[in-house]
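In: coords please:
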Amino acid sequence: MSTASKDTKDQSDVMLDDENEVNSTSAASNTDDMTPEEKLKANRDRNREHARNTRLRKKAYLEKLKVTVDELCRERDTLVSERVGAASLLIEMHSTRIDVLM
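Out: Below is the predicted model:
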């Protein structure tokens, strides 16, 4: 993910958090007019939404980790093959030197 899109995502998260704070503040002032059952239902709904958002954040985080693992594995494989190639070159150079000296 590019830095610009990450910054945009972070900004949208902040805006969503601000909206949630406004909604929860306005909901808190409305709870005075609610019956205990309505308060309980509103609390459960809020908790359900929070749990849903938490699951979505976790899913996005895990996807990001999977992408990172894949990138690191590809990088490791590239480095290992480069190292094998360099080792083969060294062995070939060494063999050539030995042949020249003998």
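In: give me the low-pLDDT residue ranges for this protein?
Out: For the chain, the stretches flagged by pLDDT under 70 are 1-29.
In: Tell me which other helices or strands the longest helix seen in it touches.
Out: In the chain, with assignment by DSSP state H, the single longest helix is helix 36-101. Helices and strands touching helix 36-101, by 3 or more CB pairs under 8 Å, 6 or more residues apart in numbering; DSSP states H and E, are helix 3-30. From N, CA and C alone the C-beta is placed, and that goes for glycine too.
In: any idea how far residue 47 is from the nearest residue to residue 39 once chain neighbours are set aside?
Out: Excluding its sequence neighbours, the residue lying closest to residue 39 (CB to CB, 6 or more residues apart in numbering) is residue 31, at 5.5 Å. Here residue 31 is placed at a distance of 14 Å from residue 47 (CB to CB, to the nearest Å).
In: what does residue 65 give?
Out: Distance of residue 65 to residue 47, computed by CB to CB: 27 Å.
In: How about residue 60?
Out: Note on residue 60: its distance to residue 47, by CB to CB, is 21 Å.
In: Distance of residue 49 relative to residue 59?
Out: To residue 59, residue 49 is 16 Å away according to CB to CB.
In: Actually, residue 97.
Out: Using CB to CB, residue 97 is found at 57 Å from residue 59.
In: Over to residue 95?
Out: Distance of residue 95 to residue 59, computed by CB to CB: 54 Å.
In: same deal with residue 98?
Out: In terms of CB to CB, residue 98 sits 59 Å off from residue 59.
In: do residue 70 as well
Out: Distance from residue 70 to residue 59, counting by CB to CB: 17 Å.
In: next one: residue 67
Out: As judged by CB to CB, residue 67 and residue 59 stand 13 Å apart.
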